[in-house]
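S.K.: I would like the atomic coordinates for the input below:
(2 chains)
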2 protein chains.
Amino acid sequence: MDKLQLDQHISQQYNADLEKLRTQLLEMGGVVEDQVADAVNAIENADGGLAEKVLKTEDEVDRREVELDEACTLILARRQPAASDLRLVLMVAKATRDLERMGDEANKIAKMAIALNDEGESPRGYVELRHLASNVLKLVNTSLDAFARFDVYAAMKVVRDDKDIDREYKSSMRELITYMMEDPRSISRVMNVMWALRALERIGDHARNIAEHVIYLVHGMDVRHISPAEIEKQLEAKL
Amino acid sequence: MDKLQLDQHISQQYNADLEKLRTQLLEMGGVVEDQVADAVNAIENADGGLAEKVLKTEDEVDRREVELDEACTLILARRQPAASDLRLVLMVAKATRDLERMGDEANKIAKMAIALNDEGESPRGYVELRHLASNVLKLVNTSLDAFARFDVYAAMKVVRDDKDIDREYKSSMRELITYMMEDPRSISRVMNVMWALRALERIGDHARNIAEHVIYLVHGMDVRHISPAEIEKQLEAKL
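M.R.: Down below sits the predicted model:
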């Protein structure tokens, strides 16, 4: 029930086109995942070179987005897909955009790493950053995994875990505001850490979007704007 | 050259379906435009009631997003559109998402208005907020207008003006950091104004996305990740 079969067309070429979409999305996902991990490492280790590497990957991510989008449009025009094939194509088009946005947020983190190198490191906020980053990276990984295996259970885990990330983000922000008040000279440096936290929280949102697309793909259910508990109820009704 | 003709199908129903997509998107745009304007007014006039009204509109915007997305999927499945019809459907699906995100950002501004009511107004930052808000609202309006009239020139104006908004946003943020340093007791209140500025800058990005979708719709050109000057060069080559 939670697996989707792709290899069921008479046209071998059509099968190959759909399978290629899937592979391309996962490849793009891998690139973006590395970008996020590198950007966070660049801040933690004050590694300007690594931050520059992240920024240089932007062109590749943008190129992959445009290519995938064109591939989706081409399949829609040529194959006129229906049912789960149509959902796959639409889902890939949407997830591509989420991945590109994740890459943008990774770039923002890399820019903050460079700013922290220039202005001097922030006295506080690294513990919060490391913790949130590690949870967000897990989320991104699980969301791509959910897509690779069309795994609704993994997708549901992402939707639930993103709520924890939002909570963690909010409490970290409160901590950082306290630091700024205690030491106003650190304001502009702590702000850089805040922007990085904000970018991480956004990356988590995009991972949740991808997970929601997976649920849509497998079950044809639009679960945006619905609470995790409600999604689970609807999924159970499907089984 | 810059106008797109929709009413050219033998099937009256198909024409009506496409025209309805267009109307639905413009209606959703109008709702979101009001949300943004109300959210900004709520901050400026410390109007908690107006902020609550913005938050209450979220459900309507979400519902419209889901409806429009379903309408797009249905047309793809039933009509198997090609060429400019296919571009219209894909463009509407993407623009819908941008509008929903604009609505989310308007909600964030409304929440900041409520926080400022609770914590006490910010001593600084309103001039910057008012100025950015008025420019962003113009941008949103022009982007919807560009879609309503399939007007590439208006779309190009949005793409260019968004660059100015990004610059204005950055300089406002620097101002606000200075205020916080001068008066550390105001930090958490000024932060609320900063988040509102940030949300406005994001709304500007989404307006630019819609403008880019309009260029794609009319000319079939994917102009994301390209500078305004380069887009103009490509457009001239098309004429």
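S.K.: and chain A, which residues reach chain B?
M.R.: Chain A comes close to chain B at residues A:62, A:65-66, A:69-70, A:73, A:76-77, A:80, A:82-83, A:86-87, A:90, A:93-94, A:97, A:177, A:180-181, A:184-185, A:187-188, A:191, A:222, A:224-225, as judged by CB under 8 Å from any CB of the partner chain. Any C-beta I mention is one placed from the backbone N, CA and C, and that applies to glycine too.
S.K.: where in chain A is pLDDT low?
M.R.: Flagging of chain A using pLDDT under 70 yields the residue ranges A:1-8.
S.K.: ok, the residue most central in space within it to chain B distance?
M.R.: What sits nearest the mean C-alpha location of chain A, by CA atoms, centre = their mean, is residue A:207, with 3.6 Å. Taking CB to the nearest CB, to the nearest Å as the measure, residue A:207 falls 16 Å from chain B.
S.K.: for the helix or strand containing that residue, the distance to its chain's centre please.
M.R.: Assigned by DSSP states H and E, residue A:207 belongs to helix A:187-219. Chain-centre distance of helix A:187-219: 6 Å, with CA atoms, centre = their mean, to the nearest Å.
S.K.: quick one: buried residues of stretch A:222-233?
M.R.: By 16 or more other CB atoms under 10 Å in any protein chain shown, the buried positions in stretch A:222-233 come out as A:222, A:223, A:224, A:226, A:228, A:231.
S.K.: cool, and stretch A:52-71?
M.R.: Applying a neighbour-count criterion of 16+ other CB under 10 Å, one finds A:53, A:54, A:55, A:57, A:58, A:61, A:62, A:64, A:65, A:68, A:69, A:71 buried in stretch A:52-71.
S.K.: output it as CSV - backbone C-alpha positions only.
M.R.: Output in CSV follows, covering the C-alpha atoms of stretch A:52-71 (Å, rounded to 0.1, in the frame of the first residue of the first chain):
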residue,chain,number,x,y,z
GLU,A,52,33.1,29.6,-0.5
LYS,A,53,32.7,26.1,-1.7
VAL,A,54,29.0,26.1,-0.7
LEU,A,55,28.4,29.4,-2.5
LYS,A,56,30.0,28.0,-5.6
THR,A,57,27.6,25.1,-5.7
GLU,A,58,24.7,27.5,-6.2
ASP,A,59,25.0,27.5,-9.9
GLU,A,60,24.9,23.7,-10.1
VAL,A,61,21.8,23.6,-7.9
ASP,A,62,20.1,26.3,-10.1
ARG,A,63,21.0,24.4,-13.2
ARG,A,64,19.6,21.1,-11.9
GLU,A,65,16.4,22.9,-10.9
VAL,A,66,15.9,24.3,-14.4
GLU,A,67,16.8,20.9,-16.0
LEU,A,68,14.4,19.0,-13.8
ASP,A,69,11.6,21.5,-14.4
GLU,A,70,12.1,21.2,-18.1
ALA,A,71,12.1,17.4,-17.9
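S.K.: residues touching that stretch, excluding its own?
M.R.: By CB atoms under 8 Å, 6 or more residues apart in numbering or on different chains, the residues outside stretch A:52-71 that reach it are A:17, A:20-21, A:24-25, A:27-28, A:31-32, A:34-35, A:38-39, A:42, A:92-93, A:96-97, A:99-100, A:103-104, A:106-107, A:109-111, A:114, B:222, B:224-225.
S.K.: hang on, the earlier thing: export the buried residues of stretch A:222-233 to TSV and tack on distance to residue A:122?
M.R.: Shown next, in TSV, are these (distance: CB to CB, whole Å):
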residue	distance to residue A:122
A:222	41
A:223	38
A:224	35
A:226	38
A:228	34
A:231	38
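S.K.: longest single helix anywhere in chain A?
M.R.: Identified as the longest helix of chain A according to DSSP state H is helix A:83-119.
S.K.: and that helix, how far out from the chain middle?
M.R.: Worked out by CA atoms, centre = their mean, helix A:83-119 lies 6 Å from the chain centre.
S.K.: for stretch A:81-91, same thing?
M.R.: 21 Å.
S.K.: list the contacts of it.
M.R.: By CB under 8 Å, 6+ apart, stretch A:81-91 touches A:4, A:6, A:18, A:21-22, A:72, A:75-76, A:79, A:213-214, A:216-217, A:220, B:73, B:76-77, B:93.
S.K.: pull out the buried residues from that stretch.
M.R.: Buried, per 16+ other CB under 10 Å, within stretch A:81-91: A:81, A:84, A:85, A:86, A:87, A:88, A:89, A:90, A:91.
S.K.: and the first one, how far from residue B:80?
M.R.: If I follow you right, that is residue A:81. Separation of residue A:81 from residue B:80 (CB to CB, to the nearest Å) stands at 9 Å.
S.K.: with the fifth one instead?
M.R.: Residue A:87 sits 15 Å away from residue B:80, taking CB to CB as the criterion.
S.K.: what does the fourth one give?
M.R.: With distances defined as CB to CB, the gap from residue A:86 to residue B:80 amounts to 10 Å.
S.K.: what helix or strand is the closest residue to residue A:225 other than its chain neighbours on?
M.R.: Of all residues not flanking residue A:225 in the chain, residue B:62 sits nearest, at 4.2 Å (CB to CB, 6 or more residues apart in numbering or on different chains). Element membership for residue B:62 (DSSP H and E) is helix B:58-79.
S.K.: among the buried residues of stretch A:222-233, name the ones in helices.
M.R.: A:228, A:231.
S.K.: which member of the buried residues of stretch A:222-233 is positioned nearest chain B?
M.R.: Distance to chain B across those (CB to the nearest CB) is lowest for residue A:222, with 5.5 Å.
S.K.: next up, phi/psi of that closest one, please.
M.R.: phi -90, psi 110 (degrees, to the nearest 10).
S.K.: quick one: contacts for it?
M.R.: Counted by CB under 8 Å, 6+ apart, residue A:222 has contacts A:216, B:66, B:69, B:70.
S.K.: who touches residue A:159 in this structure?
M.R.: A:208, A:211, A:212, A:215, A:223, A:228, A:231.
S.K.: the third one contacts residue A:223, correct?
M.R.: Yes: with the criterion set as CB atoms under 8 Å, residue A:212 and residue A:223 qualify as a contacting pair; they are 5.2 Å apart.
S.K.: quick one: secondary structure of residue A:81?
M.R.: coil (DSSP: H, G, I helix; E, B strand; the rest coil).
S.K.: residue B:79 versus that one, what's the distance?
M.R.: Taking CB to CB, one finds residue A:81 at 13 Å from residue B:79.
S.K.: what does residue A:119 give?
M.R.: Relative to residue B:79, and taking CB to CB, residue A:119 is found at 56 Å.
S.K.: same question, residue A:57
M.R.: From residue A:57 over to residue B:79 the distance is 39 Å, taken as CB to CB.
S.K.: put the buried members of the contacts of stretch A:52-71 into a ChimeraX selection.
M.R.: The ChimeraX command for the buried members of those (criterion: 16+ other CB under 10 Å) is given here:
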select /A:17,21,24,25,28,32,35,38,39,42,92,93,96,97,99,100,103,104,106,107,109,110,111,114 /B:222,224
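S.K.: would you list the contacts of residue A:159 in JSON lines and tack on distance to residue A:163?
M.R.: Formatted as JSON lines, the contacts of residue A:159 follow (distance: CB to CB, whole Å):
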{"residue": "A:208", "distance to residue A:163": "9"}
{"residue": "A:211", "distance to residue A:163": "12"}
{"residue": "A:212", "distance to residue A:163": "13"}
{"residue": "A:215", "distance to residue A:163": "16"}
{"residue": "A:223", "distance to residue A:163": "14"}
{"residue": "A:228", "distance to residue A:163": "7"}
{"residue": "A:231", "distance to residue A:163": "12"}
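S.K.: nothing else from me, thank you.
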